[in-house]
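**Q** sharing a model that was predicted from the sequence below.
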Amino acid sequence: MNDLKAIMARPIAHRGFHMPDDGVIENTPSAISAAMDRNFGIEVDVQETADGKALVFHDDTLDRLADGTGPVIGQTASELTCIDMQTGTDKLWRLEDLLGLVDGRVPLVIEVKSLMRPDAQADFVRHVVDQVAAYKGPACIKSFDADMLSVAKAHNRHVLRGIVADGAHNKGDYRRFTRIDRFIMRHILHAPRTRPHFVSYGVNDLPRLGPTVLRRLFNVPLMTWTVRTTGQREIAARYADQIVFEGFNPDKG
C-alpha cells in the first residue's frame, strides 16, 4: 500500500489546480499541469462515453463547461475529444491522455462518476480499473456508487479504491434513494462488502460515526472534500488525514 501513503502525503487539487478567471478550467490539461507544477496530488472525474471509454469530465452533460450539449454518454470518445472547452485553449480528453501527461509525477485520485444504473456500468468500471492497474505511478479510484466499488474489487482487488460519501441529506440526487439507503451511504455500512482502502467524505458533514469508526478502529484513511475556507481547513485538520482543496494554495497558508 505504498501508493496509498503517497496519495495521502500532499494536498490534492480538486479537478486540478483550476483558475476559471484565468481561463484554466477544471479537469483540463491546463489544470492538471498547474497542479503538477506545484507538486500537488490531483483529483479528476471520469464519465463513460457511448463506446465505453473514460472521458475526463465531471458532469454527465456537456452544457456547463464544454462547447457542446447533451449527455456525455450519448457520444463516442472520438467525437467528444474534438469538442473545445467554453473558455481557454483545452479540448475534452480521455483518461489515457491524462495518464500519459502525468506519467507518475504526482499522485492521481480518479473519481468514477456513476449514472446509478442497475448494472453499475460494470464494463466501464473494469475499463478504468485496468488502466489504473497498468499505470506506473501512485493512483487510485473512488466513487459515490458502492456497487461500482464492488465491481472494482471483484475485477482487481489490488487497485486502490475509495468510497465517496457525505451526510446523504434528502435533497438533490439523494431524493431517489430510500431513507434506509441514505443511512447506509451516510455511515458507509456497505464497507464489509466494498472494503474501501480509504474514505473520501464531505467536509461539511464531519465528524460522522461511519468514517470515524473506519479511521480509528480499522485504520482506513479519511480524505475530505472540498476544502475551500479557513473553517473547513480547521475541520479537516481535526478529523481527516488528507484534503481535496480548491480556490487557494495550501503551501501559502
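**A** Noted; the coordinates are in hand.
**Q** alpha carbons only for contacts and neighbour counts from here, please
**A** OK.
**Q** which stretches in the stretch 51-200 of the chain count as helices?
**A** Ranges of helices in the stretch 51-200 of the chain, per DSSP state H, counting those that start in this stretch, are 77-80, 95-102, 122-134, 146-155, 179-187, 191-194.
**Q** please identify the most buried of those.
**A** Across the helices of the stretch 51-200 of the chain, averaging neighbours per residue (mean count of other Cα atoms under 10 Å) puts helix 146-155 on top, at a mean of 22.
**Q** please save the CA atoms from it in PDB.
**A** What follows is helix 146-155, C-alpha atoms only, in PDB (Å, rounded to 0.1, in the frame of the first residue of the first chain):
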ATOM      1  CA  ALA A 146     -20.900   1.300  -3.700                       C
ATOM      2  CA  ASP A 147     -21.800  -1.100  -6.500                       C
ATOM      3  CA  MET A 148     -19.100   0.300  -8.700                       C
ATOM      4  CA  LEU A 149     -16.600  -0.300  -5.900                       C
ATOM      5  CA  SER A 150     -17.900  -3.900  -5.600                       C
ATOM      6  CA  VAL A 151     -17.200  -4.400  -9.400                       C
ATOM      7  CA  ALA A 152     -13.700  -2.900  -9.000                       C
ATOM      8  CA  LYS A 153     -12.900  -5.100  -6.000                       C
ATOM      9  CA  ALA A 154     -14.100  -8.200  -7.900                       C
ATOM     10  CA  HIS A 155     -12.100  -7.300 -11.000                       C
END
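**Q** residues contacting the residue nearest the centre of the chain?
**A** The residue lying closest to the centre of the chain (Cα atoms, centre = their mean) is residue 111, at 2.6 Å. Contact analysis of residue 111 by Cα atoms under 8 Å, 6 or more residues apart in numbering lists 43, 44, 45, 46, 141, 142, 143.
**Q** what's the burial count for the fourth one?
**A** What that stands for is residue 46. The criterion is other Cα atoms under 10 Å. On that basis, residue 46 has 23 neighbouring residues.
**Q** mind checking how far the residue nearest to the centre of the chain is from residue 101?
**A** Using Cα to Cα, to the nearest Å, we find residue 111 at a distance of 18 Å from residue 101.
**Q** other SSEs contacting the lengthiest strand in the chain?
**A** In the chain, taking DSSP state E as the definition, the longest strand is strand 41-48. On a contact count with 3 or more Cα pairs under 8 Å, 6 or more residues apart in numbering; DSSP states H and E, strand 41-48 meets strand 12-14, helix 29-37, strand 54-56, strand 108-112.
**Q** which of these is buried the deepest?
**A** For those, the highest mean count by mean count of other Cα under 10 Å goes to strand 12-14, at a mean of 30.
**Q** give me the helix or strand of this protein that scores worst on average pLDDT.
**A** Using mean pLDDT, DSSP states H and E, the weakest-scoring helix or strand in the chain turns out to be helix 2-7, at a mean of 92.
**Q** give the buried residues for it.
**A** Residues of helix 2-7 classed as buried by neighbour count (16 or more other Cα atoms under 10 Å): 3, 4, 6, 7.
**Q** let's have these in JSON lines, adding distance to residue 95.
**A** Converted to JSON lines, these look like this (distance: Cα to Cα, whole Å):
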{"residue": "3", "distance to residue 95": "19"}
{"residue": "4", "distance to residue 95": "20"}
{"residue": "6", "distance to residue 95": "20"}
{"residue": "7", "distance to residue 95": "18"}
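**Q** for those residues, which one is nearest residue 162?
**A** residue 4 (10.5 Å; Cα to Cα).
**Q** the closest one contacts residue 158, correct?
**A** No: with contact defined as Cα atoms under 8 Å, residue 4 does not count as touching residue 158 (11.5 Å).
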